[in-house]
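1. Fold the following, please.
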Amino acid sequence: MNQVCLTGNLVKDVELRTTTTGNSVVRFTLAVNRRKKEDGADFISCVAYGQTAELIHLHIKKGHRMGLSGHIQTGSYEKDGKTIYTTDVVANSIDFLERKQEKSEEYVPVVSDEDLPF
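-> Predicted structure coming up:
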């Protein structure tokens, strides 16, 4: 069975492209932490098509956390006379998770001493 589930952060904003047949596609890299934080992260090459691609392009930006399920797809192409082999995770479904924490000041109302009941 070829099934993959990942949770990670989008490395950079995605660019929505259209295939010659009119299908939407996005390629992106997901930074997935290893079990122990000190072990670092893996940067997984991913691709999504159709509505999934459009959702990622519209709602998920650099640093946002997302989950995905899909399958591994391998391929190859020729470049400068050499064969380049590729491995991608094809996202079939995605989950929107929390966004990267942005620094913002929490709203604290200003209250004068006269307003206090004690």
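2. Chain neighbours aside, what residue packs nearest to Leu30?
-> Gly8 (4.0 Å; C-beta to C-beta, 6 or more residues apart in numbering). Quick note: C-beta positions are derived from backbone N, CA and C, even for glycine.
3. In this structure that neighbour contacts Gly63, no?
-> No - counting by C-beta atoms under 8 Å, Gly8 does not reach Gly63; the two are 10.8 Å apart.
4. okay, those two: which has more neighbours?
-> Gly8 (20 against 15; other C-beta atoms under 10 Å).
5. Tell me which helix or strand the more buried one sits in.
-> Element membership for Gly8 (DSSP states H and E) is strand 4-10.
6. Ok, Gln73 next?
-> Going by DSSP H and E, Gln73 is in strand 65-79.
7. Same check on Leu58?
-> Per DSSP H and E: helix 50-59 holds Leu58.
8. Next, the buried residues of that helix.
-> Judged by neighbour count using 16 or more other C-beta atoms under 10 Å, the buried positions of helix 50-59 are 52-53, 55-57.
9. Equivalent analysis for stretch 4-17, please.
-> Of all the residues in stretch 4-17, those buried under the rule 16+ other C-beta under 10 Å are 6, 8-10, 14.
10. For Gly75, see how far away the residue nearest to Leu30 is.
-> As judged by C-beta to C-beta, to the nearest Å, Gly8 and Gly75 stand 22 Å apart.
11. ok, for Phe33, nearest residue in space, not its chain neighbours?
-> Actually, residue 33 is Asn. It isn't Phe. Ala41 (4.9 Å).
12. Please disregard the earlier target; I meant Phe28.
-> Val14 (4.8 Å).
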